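Peer 1: I would like the atomic coordinates for the input below:
(2 chains)
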There are 2 protein chains.
Amino acid sequence: MGAQPVKLGIIGLGRWAKVLTRAAAKSDKLKIVAGYSRTEEKRKAFEQEFGVAGAPDMKTLLSNPDISGVIITAPNEQHLPLATEIAKAGKHVYTEKPIAATLEDGIEIAALEKKYGVTITVGHSARLMGSIRRIGKAIEAGELGRVAFMEANFSNERALELTPNTWRWYKAKAPGGPLSQLAIHQFDILHYLGGEIVEASSMASKLSPVGAEVDDQSMTLLRFADGKIGYVGSSWTSPGIFSVRVFGQKGLMHSETDFSSWDIPSKLHLSSALYIQRGKDGYGKREDLKVPESDMFVAELEMFAESCRTGKANELTAHNGNVAVAVVNAALRSIDNSGQYVRIGDILDEARSRAEARKVNVA
Amino acid sequence: MGAQPVKLGIIGLGRWAKVLTRAAAKSDKLKIVAGYSRTEEKRKAFEQEFGVAGAPDMKTLLSNPDISGVIITAPNEQHLPLATEIAKAGKHVYTEKPIAATLEDGIEIAALEKKYGVTITVGHSARLMGSIRRIGKAIEAGELGRVAFMEANFSNERALELTPNTWRWYKAKAPGGPLSQLAIHQFDILHYLGGEIVEASSMASKLSPVGAEVDDQSMTLLRFADGKIGYVGSSWTSPGIFSVRVFGQKGLMHSETDFSSWDIPSKLHLSSALYIQRGKDGYGKREDLKVPESDMFVAELEMFAESCRTGKANELTAHNGNVAVAVVNAALRSIDNSGQYVRIGDILDEARSRAEARKVNVA
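Peer 2: Just a heads-up that it's a prediction; the model follows:
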């Protein structure tokens, strides 16, 4: 190799910036060289902990010619304005999931690619987990035969701990509760594994004793363009679960990820499981597979670095990020309409119109 | 004990009659003493294989004063006329699941109880499996805390083997495909574990390459009276799966039954799995539980025998059998109405009206 690591900036120096900066340190393909937060204290603490120089303002960071891409780990509402500034400066953009607080914002972010000739990477890292990639490869290689059916679950106990002081308490901030906070990851994974999602139908409930505004139980059915169907469940009052099961005519694969080690992805494979049932065989004749070692945070940052180097988009596209949000929005509309199937294309088209109208109003 | 075994007759001497007669032989609480089939050959073969005397006609079997109950293992369309004859003869009725070919028939079967002072037992045996009972006990004992969420799957490869010569090829015979053939078992299990089911929403698809009339993929969402929600998935183009997962605030239980040994329930525990995750813990900290040994066919027959002895209904009631069919019908209607939630109470009320109208027409 011998190639120089790609140099990156990072904006928003909270908890997630730390997770990503730690991941970045494991890769020789990229280096985070500058950080910015509006709070001087945070900049100093970050510099002290990670040796990443704090920039005194955004402008300084964005005018640094060494930096070819910038990571946004700021709140969702700030993704669009920040991404716009970064793209205007000719830098590639990485933004955390979800792509934005609204689908209109997400669509405007996607439009930055053409407008400013930069790439957008959205941090839907879960699809990069070793076990999910292994399932993807099995599907691609035809090892499972025609896939007809997929089930996924991502649950945790969050709703048992909500208080009115936490933003997740509120419908407007965390619509659908675990639907927008957890299920969205599985929507992206099933999109990766299953291809285009056509429509969604959903059911929600609120059962947590804490009395929060948001729903805390979420189940969504999906129809894919090729006719297969999928389910994503997400309980917010449960022990930690992250599972994906794919049903093919020749085989079934089941992955159970130990969510308790989520933030340390390099250890996930030690306490997780992956198996395959072939032919007609039942659970008793499953074959345990080795859970591939992987680090989804290193993997997504290296994808971003590669895009910075080549100027070519990677698979964590703005479009995929928008589809994940559109499925959430379709599920929310379905819940408001007694379970009616809602088309993802309609949700995207409407958001495009709203984004257009907004631009006209501004002009 | 020392009590005499309850003596039973059996009508319809096909494959399932053999499974139940073998199960009956393992119990000292009941004895199958007479069998009837319209085909003399079948009667003779059955007598030879099991030592159960063949009755020359229904009347002879039903007028045998030793017999206190009769098992129906005839096709679904015959459940109502046979159950009516049996009840008129003052014998208790056991009928295989589903309770009947139509919900109207099922409602008339339920009405036989009051009319003739007999009990009806419907063979929804899956809820009697050791692992399902263990989950039920955990819920009842509060071991899982408030249960908010349940997932179940029952899948097999049936649709890959359908031909126009098999009844399951046809929509009218096997409506919804795996929905009416497999998911119905899980509806009964979730009804047992979760209480009253209020409404259902469903999605189906047809993907098998054989070209049958019926759908071969089925996913249904359920809302329970206490606000919890549930999912039942059923693929007909998959390796064999039978799994139930229950999510509580204090713990989660997951049961994976090796479906390949379904017909030999006494061996199910050897190749199946049951575990619990407590508190916030993830999959990595699950505790494996012993899968309780059980034989659901012996268990259901002993429940029936007990009802014959005492004249009191057991939990495998006609009402529960009708609810399972009503959930299937609600799911079918939801599929025809773009996923709309359909109320189980409406489906039952309409069937009651149709059953009433039918009686009036006859009179």
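Peer 1: so residue A:80 sits in a strand?
Peer 2: No: read with DSSP: H, G, I helix; E, B strand; the rest coil, residue A:80 is helix and lies in no strand.
Peer 1: which non-adjacent residue is nearest it?
Peer 2: residue A:105 (4.2 Å; CB to CB, 6 or more residues apart in numbering or on different chains). Glycine gets a C-beta too; all of them are placed from N, C-alpha and C.
Peer 1: then residue A:275?
Peer 2: Using CB to CB, 6+ apart, the closest residue to residue A:275 is residue A:286 (4.3 Å).
Peer 1: near that neighbour, how many other residues are there?
Peer 2: 22 (other CB atoms under 10 Å in any protein chain shown).
Peer 1: below-threshold pLDDT in chain A: ranges please.
Peer 2: Of all residues in chain A, those with pLDDT under 70 make up the ranges A:1-2, A:361-363.
Peer 1: ok, the residue nearest the centre of it - contacts?
Peer 2: Computing the C-alpha centroid of chain A and ranking residues by CA atoms, centre = their mean puts residue A:124 first, at 2.6 Å. Going by CB atoms under 8 Å, 6 or more residues apart in numbering or on different chains, residue A:124 touches A:97, A:185, A:188, A:300, A:316, A:320-321, A:324.
Peer 1: quick one on the thing from earlier: what comes up buried for the helix or strand hosting the residue nearest to residue A:80?
Peer 2: Using DSSP states H and E, residue A:105 falls within helix A:103-116. Within helix A:103-116, the residues that count as buried by 16 or more other CB atoms under 10 Å in any protein chain shown are A:103-113, A:116.
Peer 1: surely residue A:268 touches residue A:294?
Peer 2: Yes: contact criterion CB atoms under 8 Å: residue A:268 and residue A:294 qualify, at 7.5 Å.
Peer 1: anything in contact with each of the two?
Peer 2: A:129-130.
Peer 1: quick one, which of those two is more surrounded?
Peer 2: Neighbour count, other CB under 10 Å: between residue A:268 and residue A:294, residue A:268 has more, with 26 against 19.
Peer 1: what residues are up against whichever residue of the stretch 1-150 of chain A sits closest to chain B?
Peer 2: With CB to the nearest CB, the shortest gap between the stretch 1-150 of chain A and chain B falls at residue A:149, namely 4.0 Å. Each residue near residue A:149 by CB under 8 Å, 6+ apart is listed here: A:228-230, A:246-247, B:155, B:217, B:219, B:233, B:235, B:237-238.
Peer 1: that one bridge partners, please.
Peer 2: With DSSP bridges as the criterion, residue A:149 is bridged to residue A:229, residue A:247.
Peer 1: could you do the one 4 residues further on as well?
Peer 2: Beta bridges link residue A:153 to residue A:233, residue A:243 when assigned by DSSP bridges.
Peer 1: rewinding a little: what's the closest of the contacts of residue A:149 to residue A:77?
Peer 2: residue A:230 (30.0 Å; CB to CB).
Peer 1: give me the element the residue lying closest to residue A:55 once chain neighbours are set aside is part of.
Peer 2: Nearest residue to residue A:55, sequence neighbours excluded (CB to CB, 6+ apart): residue A:61, at 3.8 Å. Applying DSSP H and E as the criterion places residue A:61 in helix A:58-62.
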